[in-house]
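Participant: Using only what follows, build the 3D model:
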Amino acid sequence: MILDQIVSKKYEELMNIKAPKRSLYDALSCDDISIIAEIKRASPSAGAIAEDVDAANRARQYEAGGARAISVVTERHFFKGDLKMLQLAKESSNLPILRKDFMFDELQIYESLFAGADAVLFIVSILKGNKLCDLVKLAQDLGMETLVEVHDEDELTEALKSDAKAIGFNNRDLKTMTVDMGRCESLIKAFRLLEPGSERKLVAESGVRTKEDVKRLQELGFDGILIGETLMRSSNPTNLLKELLGDTR
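Facilitator: Residues are numbered from 1 along each chain as shown. Presented below is the predicted three-dimensional model:
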């Protein structure tokens, strides 16, 4: 019967949604530093970067180069992204897929789950009151992991109130769009004072361009680095990733 076939197919789709997620935390738990390689078409600070990017091919290139997770920017209006990019990256790679967007509503968390995201990013500066803790809990209850992004010590204090297993320190000032690589260094020092002996994983974001940058962040104690524009502008991201990781593995 055709009805039985339809129901069987829907059951298969549901099992895919319910399947265990790939762990971003595990990807950041290696002895050496892990790169979260980002797929994004554009940004407000850089303008168009690679609007015609093949997300499936780019995901395969990132995995071949040694990335341990992939971030996909899905924001449509300013970053020209969409959820189809995330779905293609998930289908084409064995790596954990992080949805990077401006998340502040429960509906976006369910949307991420149905699209296949293994983890979602939250930006502390746009979440007020208990919203961060509530959204982190919802994502975790649905089987996804979270990366919580901070830009200063006040935001770090708020992030540590949540159960997020990974904290991202962004070198970019979201108001001016300027990048200060010293921001990560000061924030990781503050983190160690606020939560000594923590098992949370720490990720440096924005501004990483060279293998010297990667090595420096590893020496500071970061578990991972999220790299976007540098990789997106490369005609051979596989080789660039290998070059960036050359002194760390």
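Participant: Show the contacting residues for residue 18.
Facilitator: Neighbouring residues of residue 18 by CB atoms under 8 Å, 6 or more residues apart in numbering: residue 143. For every residue, glycine as well, the C-beta is placed using N, CA and C.
Participant: Read off the pLDDT value for it.
Facilitator: Residue 18 is assigned 82 on the pLDDT scale.
Participant: One more: residue 217?
Facilitator: Reported pLDDT for residue 217: 96.
Participant: who touches it in this structure?
Facilitator: Counted by CB under 8 Å, 6+ apart, residue 217 has contacts 33, 184, 204, 208, 225.
Participant: can those go into CSV with extra columns for pLDDT and neighbour count?
Facilitator: What follows is those, written out as CSV (pLDDT from 0 to 100; neighbours: other CB atoms under 10 Å):
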residue, pLDDT, neighbour count
33, 97, 23
184, 94, 25
204, 98, 30
208, 93, 25
225, 98, 26
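Participant: Tally up the residues packed near residue 54, please.
Facilitator: 14 (other CB atoms under 10 Å).
Participant: separation between it and residue 181?
Facilitator: From residue 54 across to residue 181, the span is 31 Å (CB to CB, to the nearest Å).
Participant: Return the member of the contacts of residue 217 nearest to residue 193.
Facilitator: residue 184 (15.3 Å; CB to CB).
Participant: Of all the residues in stretch 81-96, which ones are buried?
Facilitator: 81-83, 85-90, 92-93, 95-96 (16 or more other CB atoms under 10 Å).
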